[in-house]
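In: Structure for the following, please:
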Amino acid sequence: MENLDYINTFLIDQFGIDTVTGQPIWRVVWSEDQFEKRLGTYSDYTPNGLFIREITEVREVPKYRQWITEKYVLERLVVIPEINKNDLPTTNLSYEPIFIFEDNNGNYLPPRVDVAKLIVDTIYAALGKKSLAKYVDEEAKNDPKRLQAIKDLQEELFGNETPVTDALAYREGVVVPHNFKKEN
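Out: You can find the predicted model right below:
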């Protein structure tokens with residue numbers, strides 16, 4: 001596994017920090033270590049399971065632990081939208097998950113700097129950032145082994161994605177049953 005400090009230093013060097021807070025724009029973190037102060041209605045119980053009270057307040061709670069278990073997460077620093085400011089009342093910025101280091105079956109993958117860079121470059125290219133061209137590995141053009149390694153990495157990361165599954169996931173696709181009869 002690549003050193004996490006090395007990966008995060010690379011992300012700072014390549015993609016910068018927020019000039020107001022000094023926080024990195026991108027970072028990789030362990031899902032179990034992340035907490036946030038969130039407004040919510042919480043039920044309190046004794047160690048024996050007896051109900052004490054229900055209270056609405058701001059509490060420091062696990063950020064990912066209930067959804068992303070024991071995996072590394074690539075996060076991006078974003079401004080909290082106005083509609084969500086009540087949920088996270090103690091801050092105007094939040095790190096949001098962009099990519100989980102896992103395979104297409106949900107199994108743990110160690111964090112890698114090349115994967116993190118590929119994801120960030122792809123997002124910036126999709127957003128039309130003028131300073132970023134579509135990612136092209138110049139060395140891979142003349143090196144079949146490296147070209148195959150890139151193809152293998154893309155398959156590992158995005159192998160289960162097709163235009164059909166994307167359309168269905170974004171509710172833009174239409175499913176036609178196999179027994180559908182077209183009327184003339």
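
In: Geometric centre of the chain: which residue is closest?
Out: residue 98 (1.9 Å; Cα atoms, centre = their mean).

In: Below-threshold pLDDT in this structure: ranges please.
Out: Across the chain, the ranges flagged by pLDDT under 70 are 129-141, 169-170, 176-184.

In: Now for the residue nearest to the centre of the chain, which secondary structure element holds it?
Out: Assessed by DSSP states H and E, residue 98 sits inside strand 93-100.

In: ok, and what's touching that strand?
Out: 18, 21, 23, 26-27, 29, 31, 34, 36, 64, 68, 71-80, 88, 115-116, 119, 123 (Cβ atoms under 8 Å, 6 or more residues apart in numbering). (Glycine included, C-beta is placed from N, CA and C.)

In: roughly how far apart are the residue nearest to the centre of the chain and residue 28?
Out: 10 Å (Cβ to Cβ, to the nearest Å).

In: Look up phi and psi at residue 146.
Out: phi -70, psi -40 (degrees, to the nearest 10).

In: what's the answer for residue 45, then?
Out: For residue 45, the backbone dihedrals (degrees, to the nearest 10) come out as phi -130, psi 160.

In: Who does it form a beta bridge with?
Out: Counting by DSSP bridges, residue 45 is bridged to residue 51.

In: What is the burial count for it?
Out: By the criterion of other Cβ atoms under 10 Å, residue 45 has 10 neighbours.

In: Touching, it and residue 51? I think so.
Out: Yes - with contact defined as Cβ atoms under 8 Å, residue 45 reaches residue 51; the gap is 5.8 Å.

In: Give me the buried stretch members for the strand holding residue 98, please.
Out: Of all the residues in strand 93-100, those buried under the rule 16 or more other Cβ atoms under 10 Å are 94, 95, 97, 99, 100.

In: could these be laid out in TSV, adding distance to residue 159?
Out: Below are the buried residues of strand 93-100 laid out as TSV (distance: Cβ to Cβ, whole Å):
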residue	distance to residue 159
94	30
95	27
97	20
99	15
100	15
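
In: ok, so of the residues you listed, who is nearest residue 110?
Out: Among the buried residues of strand 93-100, residue 100 lies closest to residue 110 (Cβ to Cβ), at 12.3 Å.

In: Which residues does the closest one form beta bridges with?
Out: Residue 100 has the following beta-bridge partners by DSSP bridges: residue 73.

In: any idea how far the spatially closest residue to residue 53 that is not a sequence neighbour lies from residue 63?
Out: Distances taken as Cβ to Cβ, 6 or more residues apart in numbering put residue 44 closest to residue 53, at 5.2 Å, once the chain neighbours are dropped. The gap separating residue 44 from residue 63 is 20 Å, by Cβ to Cβ.

In: more neighbours, those two?
Out: Set residue 44 next to residue 63 and count neighbours by other Cβ under 10 Å: residue 63 wins out with 22 against 10.

In: ok, the more buried one - contacts?
Out: 31, 34, 35, 36.
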